[in-house]
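Visitor: Pasting a predicted model and its sequence here:
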Amino acid sequence: MANSDIEFTVEDGESVLDAALRLGLPVPYGCKTGGCGACRARVVEGTVEHVHDPRALSNSERDAGLALLCQAEARSDLTVDVQLLARDGRHKVRSVPARVDVKERISHDVVHLVLQLPKARPFDYLPGQYVDILLRDGRRRSFSIASPPSADNRIEMQLRHVPGGSFVSYVINEMPDCAVLRIQGPLGGFYLRDAPERPAIFIAGGTGFAPIRAMLMDALARGETRPLHLYWGARASHDLYEHELAEQWGRDYPNLHYTPVLSEPADGDGWTGATGFVHEQVVRDFPDCSGCDVYLSGPPVLVESAKRDLADCGLRPERTFYDAFEYAFVTWPEDERPGAAR
Ligand code: FES
């Protein structure tokens, strides 16, 4: 691995990610199917072949030498530049029970959950990562953690309700108080990079705000001083379900700049702020963002559009961070109700 003395062998037919995990290396990953981009890394030397379609990798990312380690097999000796998670095992993926302590509807379509995890062993993660809720049949649903690690081992989530029998419908309408779910995590490679000299731009769409909320809460509490630009896009003002919190950050922290952007302000909104698609506002404000890091969280169409349009503003692929998953849109068939979760 680049900038380290770590060496390992990748077997024939084995992905680079699986080889690293087999040796216990804390490489970030998520879906393992080429869809989320969490295992992206730069191949500094050597050749890899993606054995299946690495759909979370754009052509410009490929041209920049990035690969998806979960899909990449070695075709020569390799040097790979990966930012490892903690090497003391703190961020190791594991399954734990999670009791629902708080279930609160905080907008017309968002429910806020607080889950109590077992106190015996801290559930450590990097703000921005996500967990999977496990189902009895082996299927899973992915949700970002909306809060930084806490001493009492509680995590928060913000789930958006979509019509059509979604998991969130179950959570809102049927899930009993104090339900116990089973979760697995932490997962993903979406966390704040240590780059104090580079302004960070956060672009959230809808409940894509959740992992960015966790990152910012942690960064602000740590006294982060780099410029932090938060752009939060939604349809109408009632979709900005924690607008006051973000505004308060802007008042309390001089390096935090908050720009809400509405794509379809309602007649009664009296909206005088930015309008359009959220990433287009970033393009207007940062016509040259070559010196910035950009963190994207939201529907795949937002992530793809922002990557494409900000690349034209000089954003480097290796300074663009996201986990592209589609949890907000999945449905939850009748037979998968998590009364059934292990
Ligand atoms: S873990 Fe490789 S793309 Fe998701």
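Guide: Now that the structure is in, tell me what you want to look at. Numbers count the residues shown, from 1 in each chain.
Visitor: so Asp109 makes contact with Arg160?
Guide: Yes - using CB atoms under 8 Å, Asp109 makes contact with Arg160 at a distance of 5.7 Å. Yep, even glycine has a C-beta here, placed from its N, CA and C like the rest.
Visitor: Give the residue spans of this protein that score low on pLDDT.
Guide: The chain contains residues with pLDDT under 70 at 136-137, 165, 325-342.
Visitor: where does the stretch 101-250 of the chain come near the ligand, residue by residue?
Guide: Counting by CB under 6 Å from any ligand atom, no residue of the stretch 101-250 of the chain lies close to the ligand.
Visitor: so where do the helices sit in the stretch 101-250 of the chain?
Guide: 167-173, 209-221, 243-252 (DSSP state H, counting those that start in this stretch).
Visitor: tell me the most buried of those helices?
Guide: Among the helices of the stretch 101-250 of the chain, helix 209-221 has the highest mean neighbour count (mean count of other CB atoms under 10 Å), at a mean of 23.
Visitor: which residues touch the residue in the stretch 51-200 of the chain that the ligand sits nearest to?
Guide: Closest contact between the stretch 51-200 of the chain and the ligand, by CB to the nearest ligand atom, is at Cys70 (3.3 Å). By CB atoms under 8 Å, 6 or more residues apart in numbering, the contact set of Cys70 is Ser15, Leu17, Asp18, Tyr29, Cys31, Lys32, Thr33, Gly34, Cys39.
Visitor: same deal with Asp18?
Guide: Neighbouring residues of Asp18 by CB under 8 Å, 6+ apart: Cys70.
Visitor: Give me the secondary structure label for it.
Guide: helix (DSSP: H, G, I helix; E, B strand; the rest coil).
Visitor: Number the chain from 702, please
Guide: New numbering, starting at 702: the last item is Asp719.
Visitor: Distance of it relative to Leu957?
Guide: Asp719 is 40 Å from Leu957, where distance means CB to CB, to the nearest Å.
Visitor: Kindly report the same for Phe891.
Guide: From Phe891 across to Leu957, the span is 19 Å (CB to CB).
Visitor: same check, this time on Arg985
Guide: With CB to CB as the criterion, Arg985 and Leu957 are 19 Å apart.
Visitor: Name the residue in the two with the higher neighbour count.
Guide: Leu957 (20 against 11; other CB atoms under 10 Å).
Visitor: Take the longest strand belonging to the chain, keep the C-alpha atoms, and write them as PDB.
Guide: Counting by DSSP state E, the longest strand found in the chain is strand 795-806. Taking Å, rounded to 0.1, in the frame of the first residue of the first chain, the C-alpha atoms of strand 795-806 are listed here in PDB:
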ATOM      1  CA  ARG A 795     -19.900  -6.200  13.500                       C
ATOM      2  CA  SER A 796     -23.500  -7.000  14.100                       C
ATOM      3  CA  VAL A 797     -25.200  -5.800  17.200                       C
ATOM      4  CA  PRO A 798     -28.800  -5.500  18.500                       C
ATOM      5  CA  ALA A 799     -30.300  -2.000  18.500                       C
ATOM      6  CA  ARG A 800     -33.300  -1.000  20.700                       C
ATOM      7  CA  VAL A 801     -35.400   1.800  19.400                       C
ATOM      8  CA  ASP A 802     -35.400   4.400  22.200                       C
ATOM      9  CA  VAL A 803     -36.900   7.300  20.400                       C
ATOM     10  CA  LYS A 804     -39.100   7.500  17.300                       C
ATOM     11  CA  GLU A 805     -40.100  11.000  16.400                       C
ATOM     12  CA  ARG A 806     -41.700  12.400  13.200                       C
END
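Visitor: helices or strands up against that strand?
Guide: strand 811-817, helix 868-874, strand 881-888 (3 or more CB pairs under 8 Å, 6 or more residues apart in numbering; DSSP states H and E).
Visitor: tell me the domain ranges of the chain?
Guide: Domain ranges of the chain: 717-782, 795-890+1029-1041, 901-1023, per automatic domain parsing.
Visitor: how about those domains in a markdown table, adding distance to Asp706?
Guide: A markdown table is the format used below for the domains of the chain (distance: least, CB to CB, whole Å):
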| stretch | distance to Asp706 |
| --- | --- |
| domain 717-782 | 12 |
| domain 795-890+1029-1041 | 22 |
| domain 901-1023 | 22 |
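Visitor: before we move on, back to that, could you restrict the contacts of Cys771 to the ones contacting the ligand?
Guide: Tyr730, Cys732, Lys733, Gly735, Cys740.
Visitor: Tell me which two of the residues you listed sit farthest apart.
Guide: Tyr730 and Gly735 (11.0 Å; CB to CB).
Visitor: Those two: who's more crowded?
Guide: Tyr730 (23 against 20).
Visitor: contacting residues around that one?
Guide: By CB under 8 Å, 6+ apart, the contact list for Tyr730 reads Leu718, Leu722, Ala739, Cys740, Leu770, Cys771, Leu888, Gly889, Gly890.
Visitor: quick one: what helix or strand has it in it?
Guide: Per DSSP states H and E, Tyr730 falls between elements, in no helix or strand.
Visitor: Measure how buried the nearest residue to it once chain neighbours are set aside is and give me the count.
Guide: Of all residues not flanking Tyr730 in the chain, Cys740 sits nearest, at 4.4 Å (CB to CB, 6 or more residues apart in numbering). Neighbourhood size, Cys740 [other CB under 10 Å]: 28.
Visitor: Tell me who's in contact with Gly992.
Guide: Gly992 sits next to Arg899, Pro900 when contact means CB under 8 Å, 6+ apart.
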